[in-house]
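1. Build me a model from this:
(chains A, B, C, D, E and F)
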Number of protein chains: 4
Amino acid sequence: MAQEAAGEGRRGARRGDILKAARARFGREGGHAKATMADIARDIGVAEGTVYLYFASKRELVLAVIVDWFGEITERTAREAVAIKTPPDRLRFLVLRHFDVILDNPELYLMFLREVRATAGYRRSPGRALNRRYTDLLKETLAAGEAAGLSPATMRDLVYGGVEHICLSAIHRGEAATLDRAGLAASIAQAYARAFGLGDVQPLGDRLRRIEEHLGLDDTPG
Amino acid sequence: MAQEAAGEGRRGARRGDILKAARARFGREGGHAKATMADIARDIGVAEGTVYLYFASKRELVLAVIVDWFGEITERTAREAVAIKTPPDRLRFLVLRHFDVILDNPELYLMFLREVRATAGYRRSPGRALNRRYTDLLKETLAAGEAAGLSPATMRDLVYGGVEHICLSAIHRGEAATLDRAGLAASIAQAYARAFGLGDVQPLGDRLRRIEEHLGLDDTPG
Amino acid sequence: MAQEAAGEGRRGARRGDILKAARARFGREGGHAKATMADIARDIGVAEGTVYLYFASKRELVLAVIVDWFGEITERTAREAVAIKTPPDRLRFLVLRHFDVILDNPELYLMFLREVRATAGYRRSPGRALNRRYTDLLKETLAAGEAAGLSPATMRDLVYGGVEHICLSAIHRGEAATLDRAGLAASIAQAYARAFGLGDVQPLGDRLRRIEEHLGLDDTPG
Amino acid sequence: MAQEAAGEGRRGARRGDILKAARARFGREGGHAKATMADIARDIGVAEGTVYLYFASKRELVLAVIVDWFGEITERTAREAVAIKTPPDRLRFLVLRHFDVILDNPELYLMFLREVRATAGYRRSPGRALNRRYTDLLKETLAAGEAAGLSPATMRDLVYGGVEHICLSAIHRGEAATLDRAGLAASIAQAYARAFGLGDVQPLGDRLRRIEEHLGLDDTPG
DNA sequence: TATGAATGAGAATTCATTCAT
DNA sequence: AATGAATGAATTCTCATTCAT
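-> Residues are numbered from 1 along each chain as shown, chains lettered A, B, ... in the order given. Sure thing, here's the model as predicted:
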């Protein structure tokens, strides 16, 4: 039972210590490139060789940290998402969550982008499954939409890509801290809902037209 | 005047040779990380030290290559974009162009993402102005639309981020070559047009104002 | 008695398991340098520390494997050699056997060359006695010869060195498998028999001279 | 002209310094395994990186040292050998020379055996040609003799293998210094001359043919 | 007897940058 | 303007051996 928790037991505990120390180091400015195996070993008071008893190489440790981190996020996100019933609300929730994921751990996210996603063997990596579970939450939500010519996967890429880009831009401008995550998430979710014909969101133009007609205003004044 | 042309004069010619060789090296698999200053010097038959007479450091050379590359793209895109009158068509054109930019030179684009945009001093860098001119083409196009709560800059980020994400995903899956760029660009442009209310004959804001005036509502409520 | 058999008793059995696993590992491409103590322990399902209860160090295990291996070979060779009565036949037999020893276990033989024979303490090592018994079989055979100025030990070194060199050359050329061991052994044994005046082998030149004289042919025609 | 000497010129001089320092280090007890690149660099007062400007890796340096050493030996041996006319004398000379080569630089010789000859790519390596030139001196000498069923290459292997074995045995016994090289060389050369029918005024084959013709025997019996 | 987690020293290699000529 | 030889810091990974349990 304790074994099952994958964090108990002498071996599991030590492995957990290493992962924790590594995540902290990798999360610092400069990311995993600046962190050395010696640093991590020293942080938890073991010999360098000891780290290699648990992770065969630095790259493996990097990947393990990401899997570990993404696992937590996915777990939590999936748990919370089920409580949100309507697609538009769920979309807003997932967009906001992605803002949090990136802005709270930019270095880890960049590490994921560069080291995991950009890897040839990624499709079969253990990280792949986790990431898939995470992004599938959005894909399923978007599948409720009815966008002409766009597959759910493409819609998902558009959403995550857009959020990612906004976050990285903000980080680069040094405005990450002051970003109105919730507000942006709401606006963006609404925009995408319109884009993908999600929920009962009706194109703004159509709604305006109805009002204009009702009021007897010309279609194209002056 | 000859200097202005940036390609005239003995000095300009040599500088151009270096830029060309560097762009070729940086564009290869592995990008600029795998390319050494010695490689570049050897390619054009000069000594290593000579490169430093034109570029103070490798980083500076990297930035110069990007500015050079982006300059060409921006020039061409701006020239071609003016011929396209309606915002929806222009949006589709710019989306397709971004697909081409990334998929034709993935290594250079990644270099731009990591090395240029991710730089503290980016805002004042010469590359910044060029990139701004490039992305402003889209920003202006999108400004014609009006989505509640989204600034033109944010809309632009959403569009470019989405395209970027789709391209990188395709590259990672090894499906970059078979991507239906034109088809995807059309669908995506349409989706964003819906998202941002683009393509309506008249900007939503103007129409709303007319309605508000007609109803005798205040200009700035609450 | 049980101890003497070196294979009886709980302790003897485990020791034997380790030796067997080590010999297999050491015999692989790369030899003992590539084999780790952990490999060997894992092969027989014991902990690394356990191996050290039977062999004080890796070096000791290496030596024990060689003694073990050479013991078998010597035993068998001595047993079979007694049946061969004439020195020339015995020489051929021992040459062929040496081809077999080296070509069937090149890695073990190289290990013997480098690790055992090249050791300062070799003369007193347990392996020394065995190897001596093995090579003495040849030395005694050659002692029957009457070579001017060559001690039996030197003659033995010449023979074994020659065979060794031919085998290693063949291995390096990748021709070890196609070597005509028996044929080569016969020719080589005959050459050495002539060299050392062994048995009734008379120098070819002398025999020819007798024939030439008998036929009345000139010594140096044309 | 100075360039031709392959040791002149600034670059050649530095390369020569490194080779010299490396040969000295590799020749010490423990051989090249114990010598570090840092040792060699320090010996001649340059930075570690400098060594890598002349030799791409430690292995390449090892091979270069061997080629350099063997080149000298071959040059000298070939030069001196031409003055010795009769095969038996030449055989004795080459045997003695091999004693000198091994006993004067046992560590370098072992390095050659392990690192060069035992290498898959050896046949095409630059060292191969040199070694071939060296051993061919003996092969040609032995070709004058005729031993039933033994190719000149095999005869050469027997000779060099025998000498090698005697030397290594002497080294291992700590008797290398007191070895009577000249005396042994004479006896051994004589033994091999007998073995291979060398030293007879006329090749055995020719004499046999004459006898066969005299007796009216067929050219190709059986 | 057996375990197996922990140790820790040790060495090759890269490459942007400099500066004397 | 051009050369190109020299620099040297910086980090990963291996594995025989030990010893507390």
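2. For chain B, see how far away the residue minimising distance to the centre of chain A is.
-> When C-alpha atoms, centre = their mean is applied to chain A, the residue found nearest the centroid is residue A:98 (4.4 Å). Distance of residue A:98 to chain B, computed by C-beta to the nearest C-beta, to the nearest Å: 11 Å. All C-beta atoms are positioned from the backbone trio N, CA, C, and that covers glycine.
3. got it, and residue A:27?
-> 16 Å.
4. Nearest spatial neighbour of that residue, chain-adjacent residues omitted?
-> Spatially, and ignoring its direct neighbours in sequence, residue A:27 is nearest to residue A:107 (5.1 Å; C-beta to C-beta, 6 or more residues apart in numbering or on different chains).
5. What's the local residue count around the one you found?
-> Close neighbours of residue A:107, defined as other C-beta atoms under 10 Å in any protein chain shown, add up to 19.
6. if we look at the helix or strand residue A:75 falls within, which residues are touching it?
-> Secondary structure from DSSP states H and E places residue A:75 in helix A:58-81. Contacting residues not belonging to helix A:58-81 are listed as A:18-19, A:22-23, A:26, A:32, A:37, A:40, A:51, A:55, A:90, A:93-94, A:97, A:101, A:105, A:108, A:111-112, A:115-116, A:125-127, A:130-131, A:133-134, A:137 [C-beta atoms under 8 Å, 6 or more residues apart in numbering or on different chains].
7. Just the buried positions in the next helix-or-strand element following it, please.
-> Using DSSP H and E, the next helix or strand after helix A:58-81 towards the C-terminus is helix A:87-104. For helix A:87-104, the neighbour count (16 or more other C-beta atoms under 10 Å in any protein chain shown) marks A:87-99, A:101-103 as buried.
8. which intervals of chain A have sub-threshold pLDDT?
-> Along chain A, segments meeting pLDDT under 70 span A:1-9, A:116-127, A:146-148, A:199-207, A:218-222.
9. State the number of residues packed around whatever residue of chain A ends up closest to DNA strand E.
-> Closest residue of chain A to DNA strand E, C-beta to the nearest atom of the strand: residue A:49 (1.8 Å). Applying other C-beta under 10 Å, we find 9 residues neighbouring residue A:49.
10. likewise the one 3 residues further on?
-> Summarising burial for residue A:52: neighbours were counted as other C-beta under 10 Å, giving 15.
11. do residue A:190 as well
-> By other C-beta under 10 Å, the residues close to residue A:190 number 23.
12. Now do the buried residues in the strand or helix carrying it.
-> Assigned by DSSP H and E, residue A:190 belongs to helix A:181-196. Buried residues in helix A:181-196, counting neighbours by 16+ other C-beta under 10 Å, are found at A:181, A:184-196.
13. Extract the C-alpha trace of that helix and format it as CSV.
-> C-alpha atoms of helix A:181-196 as CSV (Å, rounded to 0.1, in the frame of the first residue of the first chain):
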residue,chain,number,x,y,z
ARG,A,181,-5.1,36.3,-16.3
ALA,A,182,-8.7,35.9,-15.5
GLY,A,183,-9.9,38.8,-17.6
LEU,A,184,-7.8,37.7,-20.6
ALA,A,185,-8.9,34.1,-20.2
ALA,A,186,-12.5,35.2,-20.3
SER,A,187,-12.1,37.3,-23.4
ILE,A,188,-10.0,34.8,-25.1
ALA,A,189,-12.3,31.9,-24.3
GLN,A,190,-15.2,33.9,-25.6
ALA,A,191,-13.4,34.7,-28.8
TYR,A,192,-12.5,31.1,-29.4
ALA,A,193,-16.1,30.1,-28.5
ARG,A,194,-17.3,32.4,-31.3
ALA,A,195,-14.5,31.1,-33.6
PHE,A,196,-15.5,27.5,-33.1
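14. I am finished for the moment; much appreciated.
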